[in-house]
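Q: return atomic coordinates for the entry below.
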Amino acid sequence: MGSIAGWVRERLPVSGEQLRELTNEPVPNHLKSWWFALGGTPAYLFLVQIVTGILLAIYYRPSQETAYESVRYITDEVAFGWFIRGLHKWGATLMIAAVIIHQMRVYFTGAYRKPREINWMVGMGLLTSTLMVGFTGYSLVYEQLSYWGATVGANIAGSVPVVGAITKRLLLGGEAYSSVTLSRFFILHSAVLPVLMILLIVVHISIIRLQGVTEFQFEKEAAGKPKHFAFFPDHLLTELSLGLLLMILLSVLATVLPATMGPRADPLSTPEVIKPEWFFYVAFRWLKLFSRTFAVLSTGFIVFVMFCWPFIDAFLRKRTRFAEASVWIGIFGALAIMALTVWEALVAH
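A: I've put the predicted structure just below:
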């Protein structure tokens, strides 16, 4: 073993002490709470999605003639295919939920404020990419609901002024759902969006490393108690424990509530009820309440405001007396999102 260690040190002249100094930065005590350490949860689930996605891609064939049958083959005939598909489905659900909750935590704790405005926008880019990954993945099964959900989604994209028409054509490969649409969704889902997300994650973590983790002061903290703890092994063991718990949860969900298959897509038969995945319920309900043009423009405006919120918040804090206006705006926004989501979930049409 000594000769092997010497061989490695000769070619990689980095000592264990140097590695510890590089990775073992002090971590604020509040990161012992899961609520304040949410970033690791979607990162772990993203790794699960990559591994299970690669295994599913071995058998999946992205065309109108073969997509549905290949998913059925994975579910019914491939050894443990139903389990891998279940892990992928529930991993996507939990990852989207974790990213949303993480962004909410950053918002309500004001962790987006100076000098972290750029990282907030990177986080918003990750949230948007995660939602798009969910949308494209949902469309790949080529079920009746996923087919019509993709069609409605493309039509909504086509309603965007100026860039809508070209965006719709890029998504569908033409003016309508065609033989090349599924392959485009597959490339977006399995290559373009994951690579974009990896790049955003690298930027996100790099900025955190440069700026350090946001530190909070709590009134109940004991006087004289250390305010930091070691990243290695303390925080690393916490993250590994959380990963184990998530794997157990995913395994239970994939076994008890396995991924099923609906009717095969029929372009000639429009279903009575068209519903997207749960994370788009709020947008779908918003579209039903207003005209398409107003709904699309207002949704785009809301997303733009969310990207720019650190600067809007700074203006409100500087120019008005309402220093914590963002908290009340956030509470109203969160309640509105939950109300619209539940409304769409409970109402059939």
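
Q: quick one: the helices in the stretch 101-250 of the chain, in order.
A: Remark: helices of the stretch 101-250 of the chain, listed N- to C-terminal, are 117-139, 144-158, 164-172, 181-187, 193-211, 236-256; assignment by DSSP state H, counting those that start in this stretch.

Q: could those helices go into CSV alongside mean neighbour count and distance to Trp278?
A: Glycine gets a C-beta too; all of them are placed from N, C-alpha and C. As requested, the helices of the stretch 101-250 of the chain are arranged in CSV below (neighbours: other C-beta atoms under 10 Å; distance: least, C-beta to C-beta, whole Å):
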stretch, mean neighbour count, distance to Trp278
helix 117-139, 21, 9
helix 144-158, 20, 12
helix 164-172, 16, 21
helix 181-187, 20, 19
helix 193-211, 15, 19
helix 236-256, 14, 14
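
Q: mind putting the ones you listed into TSV with mean pLDDT and distance to Val342?
A: Formatted as TSV, those follow (pLDDT from 0 to 100; distance: least, C-beta to C-beta, whole Å):
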stretch	mean pLDDT	distance to Val342
helix 117-139	95	19
helix 144-158	89	19
helix 164-172	89	29
helix 181-187	94	29
helix 193-211	92	28
helix 236-256	90	21
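
Q: Ala283 is nearest to which of the ones you listed?
A: helix 144-158 (8.1 Å; C-beta to C-beta).

Q: got the angle for that closest one vs helix 164-172?
A: Per axes from the mean of the first three to the mean of the last three C-alpha atoms, to 10 degrees, the angle that helix 144-158 makes with helix 164-172 is 150 degrees.

Q: circling back to that earlier point, with Ala295 as the reference, name the closest of the helices of the stretch 101-250 of the chain.
A: helix 144-158 (8.3 Å).

Q: hang on, isn't Asp313 packed against Ser326?
A: Yes: using C-beta atoms under 8 Å, Asp313 is in contact with Ser326, at 4.8 Å.

Q: need the strands for the chain, in chain order.
A: Remark: strands assigned in the chain by DSSP state E are 26-28, 228-230.

Q: now the weakest link among those strands, please, by mean pLDDT.
A: When the strands of the chain are compared on average pLDDT, strand 228-230 comes out lowest at a mean of 64.

Q: rewinding a little: what touches both of Asp313 and Ser326?
A: Both Asp313 and Ser326 are in contact with Gly110, where contact means C-beta atoms under 8 Å, 6 or more residues apart in numbering.

Q: ok so, going back, the helices of the stretch 101-250 of the chain: which one's closest to Ile331?
A: Proximity to Ile331 (C-beta to C-beta) singles out helix 117-139 among the helices of the stretch 101-250 of the chain, at 18.5 Å.

Q: what is the closest one packed up against?
A: helix 81-108, helix 144-158, helix 181-187, helix 193-211, helix 292-307, helix 309-319 (3 or more C-beta pairs under 8 Å, 6 or more residues apart in numbering; DSSP states H and E).

Q: give the other helices and strands that the shortest one contacts.
A: Meaning helix 181-187. Contacts of helix 181-187 with other secondary structure elements, assessed using 3+ C-beta pairs under 8 Å, 6+ apart, are made with helix 117-139, helix 164-172.

Q: returning to what we had before: for Ala165, find the nearest of the helices and strands packed on helix 117-139.
A: With C-beta to C-beta as the measure, helix 144-158 is the member of the helices and strands packed on helix 117-139 nearest Ala165 (5.9 Å).

Q: if we look at the closest one, which residues are touching it?
A: Contacts to helix 144-158, defined as C-beta under 8 Å, 6+ apart, come from residues 135, 138-140, 164-165, 167-168, 171-172, 176-177, 181, 185, 262-267, 269-271, 274-277, 280, 287, 292, 296.

Q: and the angle for that helix with helix 292-307?
A: Computed by the same axes, to 10 degrees, the angle separating helix 144-158 from helix 292-307 equals 80 degrees.

Q: quick one: helix 144-158 to helix 117-139, angle?
A: Computed with the same axes, to 10 degrees, the direction of helix 144-158 lies at 140 degrees from that of helix 117-139.

Q: from the chain's centroid, how far away is helix 144-158?
A: Relative to its parent chain, helix 144-158 has a centroid offset of 20 Å by C-alpha atoms, centre = their mean, to the nearest Å.
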